[in-house]
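1. Based on what follows, work out the 3D shape:
(2 chains)
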Amino acid sequence: MQPDNQIDLVIQSENLGKEFGQTQAVASLSLEVMPGEIFGLVGPDGAGKTTSMRMLTAIMLPSWGWAEVLGYDTVTQAEALKAHIGYMAQRFNLYRDLTVMENLNFFADIFEVPSQARAARMERLLEFARLSRFKDRRADHLSGGMQKKLSLACTLVHEPKILFLDEPTTGVDPVSRREFWEILTDLHLQGITIFVSTPYMDEAERCSRVGLLYQGELIACDRPEQIRQRLAGELLEIQTPNVMQAQQVVIDLEDVIETQTYGNLLHVFVQDAGKQRRRLSRALESAGVPVESVRTARPRMEEAFISLIRKQEQD
Amino acid sequence: MLLRIWNLVLKEFTQLLRDRVLILFVIFGPVLELVMVAYSTSAGIAHLPSAVIDLDHSPQSRALVQSFQNVKTFDIQVYPANFNDLRRMIEGDSIAVGIVIPSGFSNQLISPASPAPQVQIILDGAEPTAAQASIDAAQGLIAAYGQRLSLQAYTLDQDALQPVETRVRVRFNESLKESNYTIPSEMGFMLAAITIMVASLGIARERELGTLEQLMVTPLRPVEMVIGKAIPAVVIGYIVFLLMLAISLIGFGVPMRGSWPLLLGLAAFYLFVELGWGIMASAISRSQLQALLLVFVFIMVEMVFSGYAFPVENMPTALQVVSNLFPIKHWLVVFRSVLLKGAGPASYWQELVALAVLGTGVLSLTVWLLRRQRFA
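-> Numbers count the residues shown, from 1 in each chain, chains lettered A, B, ... in the order given. Predicted coordinates:
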């Protein structure tokens, strides 16, 4: 890596890790995030997403490794870095006893936003976060979705170059979730780099690149379609009332690469979906498992991730 | 940096003013407590129902009875005929103090060759405060009779009379007002307790509600955080201090003999030192409740070391050394000196140095702790 390229990277980390006593929260995180990307950090609960995010935002010291954000070292240049980043924690982290406007003003004060720029910027942010009508409402009287939007507005008050969002939509209703992502897309179009963690696969699909964190390790890092393509074989979706039994039957068949269950759906990865479809139905029928339907399906992120995690566990 | 501190202070006050219950608790709690303590100690003990057995029936003995009558402490109500009647009265709680003047009192008083005359005072041992006040008052008036007269104090215990060891207490205030000692101590103690409590909530509250995490990604530094959290606690403490001072001086006649600017300046200085421990508790606690409990233990220990209940000089050496870590110990010396003696800094510079060292040490340690833990 040439030195002048390093400046272009918004986030760069190598072997970044954190342990708490005996527990290793993050083993080794090596990342490169380009300007203007929406980078999604995906993984199950306890994978180390929040710890990674805290290390990158310079609020937690890593146990080993190093990271640079916007060219600042997260350990030695933490204070300088903080003026340029926005961070939204998973929990609602604003003052509940202050109003929407007071919260915004406080963060503007702390970041020393010049007063001449402030009024216009506040209006824009309130508009943007759809909170203009609730200016004087106390934060604890806002709905969960509105609180998230207020948090986002507060992290934008100093016009950061990069936004860190830790599971911003967890616990938010689907409508607010969609709205929140529309706002993120707007920000993305304005050129802000976004580093977002999420447990939701549909959100992962909306990212420019995705890193899969599992047990403190990055087991994949690529564009979403690239990750989907890593799945070996094609996907057959079998609908049956007896998924467990169906899985038992199918798993031993020749040419079946992998099976995953989703409620009353059994996803079977095979070499050639066209050929295998009939064979599978027959095998299930002869084993006495009722089959409602069998169809070829397009693999989603979710299947890809489960498959990747499984491979990881087998190694 | 100054601007960020100022903004944090403004935010703290906006939040505080919204918390009416806390304000009431913080300001009126200590004031009420002070009024109660001051009222009950300044009234003193007076008009104790008393009985006299005068076996001497001389002009000298009648003069002594008259001087007992002239003191507010005693209210001579009966003259029992014999000792058994007196005992029944004390047992029945109708009389608190019995004064017995033996026969031969006047002869012994007049002739230098005879043994020193004695007056007996019989007290209800179940009321130690009243008993002590009676001994003090009796000693005072008997001293006026000259060196030769001595007082023998007894408490009525079962059937026997138990002698009471009488001690002479040395006090600073010449009017022998208990309240001049109690009120400054109480003021110091309540002020310390309330300031530490308010200070202890500051950072712990931010951590408990998660806002500390948000503050940590801002350019706000640990030093700024500590100062920004200290200022509101000092302001609240100062308001409480002024209120309590006004009540003590105006309401209870505590004298203010020193320099006003000196007292007002030193009080603000002391508050900064005192709340240091509160902020430290706040910085290391996970929640407000945890911080409050920590501080509660600290305040209880501080009360012991304040010298309010018993003098620090009588404690074992190791404890005396430890007592220096508690700002109130130094402050009470300074406060009483300014208030009651009108003394200047020359007579308590050691205490001021101790406070300065303590304050700097504790606040620096807190900043260091905050910086080190970052996010634990």
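2. Which of the three states applies to whichever residue of the stretch 101-250 of chain A sits closest to chain B?
-> In the stretch 101-250 of chain A, the residue that lies nearest chain B is A:Asp109 (3.7 Å; CB to the nearest CB). (Each C-beta comes from the backbone N, C-alpha and C, glycine too.) Recorded secondary structure, A:Asp109: helix (DSSP: H, G, I helix; E, B strand; the rest coil).
3. A:Gln12 now?
-> Going by three-state DSSP: A:Gln12 is strand.
4. give me the number of residues near it?
-> Burial measure for A:Gln12: 21 neighbouring residues, criterion other CB atoms under 10 Å in any protein chain shown.
5. Okay, it and A:Thr74: tell me how far apart.
-> According to CB to CB, to the nearest Å, A:Gln12 stands 10 Å off from A:Thr74.
6. Could you name every residue contacting both of those two?
-> A:67-68 (CB atoms under 8 Å, 6 or more residues apart in numbering or on different chains).
7. Pull out the buried positions in the helix or strand where B:Val235 lies.
-> In this structure, B:Val235 sits in helix B:222-246 according to DSSP states H and E. Residues of helix B:222-246 classed as buried: B:222-238, B:240-241, B:244-245 (neighbour count, 16 or more other CB atoms under 10 Å in any protein chain shown).
8. Over to stretch B:341-355?
-> B:343, B:348, B:351-352, B:354-355.
9. Please apply the same query to stretch B:27-36.
-> B:30-31, B:33-35.
10. Distance of the closest residue to B:Leu215 other than its chain neighbours relative to A:Arg96?
-> Counting by CB to CB, 6 or more residues apart in numbering or on different chains, B:Glu206 is the residue found nearest to B:Leu215 once chain neighbours are left out, at 6.3 Å. Using CB to CB, one gets 12 Å for the distance from B:Glu206 to A:Arg96.
11. again, but for A:Asp45
-> 25 Å.
12. okay, those two: which has more neighbours?
-> Neighbour count, other CB under 10 Å: between A:Asp45 and A:Arg96, A:Arg96 has more, with 16 against 9.
13. For A:Leu253, the count of nearby residues, please.
-> When neighbours are defined as other CB under 10 Å, A:Leu253 has 15 of them.
14. Mind pulling up the pLDDT for it?
-> If you check A:Leu253, the pLDDT there is 82.
15. Tell me if I'm right that it and A:Arg282 touch.
-> No - in this structure A:Leu253 lies outside contact range of A:Arg282 using CB atoms under 8 Å: 10.4 Å.
16. B:Gly125 - that's part of a helix, no?
-> No - looking at B:Gly125 with three-state DSSP, it is coil, so not inside a helix.
17. Nearest residue to the one residue in the stretch 51-200 of chain B that gets nearest to chain A in space, ignoring adjacent ones along the chain?
-> Nearest residue of the stretch 51-200 of chain B to chain A (CB to the nearest CB) works out as B:Val198 at 16.1 Å. Spatial nearest neighbour of B:Val198, chain neighbours left out: B:Ala233 (4.4 Å); criterion: CB to CB, 6+ apart.
18. Could I get the contacting residues of that neighbour?
-> B:Ala233 makes contacts with B:195, B:198-199, B:202, B:271, B:275, B:278-279, as judged by CB under 8 Å, 6+ apart.
19. Kindly report the same for B:Gly258.
-> B:337-339, B:341-344.
20. which residues touch the helix or strand where A:Gln24 lies?
-> A:Gln24 is part of strand A:23-33, with elements assigned from DSSP H and E. Residues from elsewhere that reach strand A:23-33 (CB under 8 Å, 6+ apart): A:9-19, A:39, A:48, A:51-52, A:55, A:65, A:67, A:193, A:195, A:209, A:211, A:213, A:215-218, A:221.
21. what comes up buried for that strand?
-> A:24-27, A:29, A:31-33.
22. pLDDT averaged over it - what is it?
-> On average, strand A:23-33 scores 90.
23. Check the offset of that strand from the chain's centre.
-> Distance of strand A:23-33 from the chain centroid (CA atoms, centre = their mean, to the nearest Å) equals 15 Å.
24. elements contacting the next helix or strand after it?
-> Scanning forward in sequence from strand A:23-33 by DSSP H and E, the next helix or strand is strand A:38-42. For strand A:38-42, the elements it packs on are helix A:49-56, strand A:193-198, helix A:201-204, strand A:209-214, judged by 3 or more CB pairs under 8 Å, 6 or more residues apart in numbering or on different chains; DSSP states H and E.
25. Could I get the average pLDDT for the host helix or strand of B:Leu264?
-> With elements delineated by DSSP H and E, B:Leu264 resides in helix B:260-284, which encompasses its position. Helix B:260-284 carries an average pLDDT of 93.
26. and it with chain A, contact?
-> No - figure legend: helix B:260-284 not in contact with chain A (CB under 8 Å from any CB of the partner chain); closest approach 15.5 Å.
27. Mind listing what's buried along that helix?
-> Going by neighbour count (16+ other CB under 10 Å), the buried part of helix B:260-284 is B:263, B:266-267, B:269-284.
28. Show the contacting residues for the residue in the stretch 1-150 of chain B that chain A sits nearest to.
-> Minimum separation of the stretch 1-150 of chain B from chain A (CB to the nearest CB) falls at B:Asn7, amounting to 3.7 Å. Taking CB under 8 Å, 6+ apart as the criterion, B:Asn7 is in contact with A:106, A:109-110.
29. quick one: which of those has the most company?
-> Ranked by neighbour count (other CB under 10 Å), the contacts of B:Asn7 have A:Phe106 at the top, with 23 neighbours.
30. Where in the chain is the helix or strand with the lowest mean pLDDT?
-> Let's take chain A. helix A:3-8 (a mean of 53; mean pLDDT, DSSP states H and E).
31. that's the wrong chain, I meant chain B
-> strand B:160-164 (a mean of 54).
32. Packing partners of the lengthiest helix in chain B?
-> Ranked by residue count, the top helix of chain B under DSSP state H comes out as helix B:178-209. Counting by 3+ CB pairs under 8 Å, 6+ apart, the packing neighbours recorded for helix B:178-209 are helix B:20-42, helix B:211-216, helix B:222-246, helix B:260-284, helix B:288-305, helix B:327-336.
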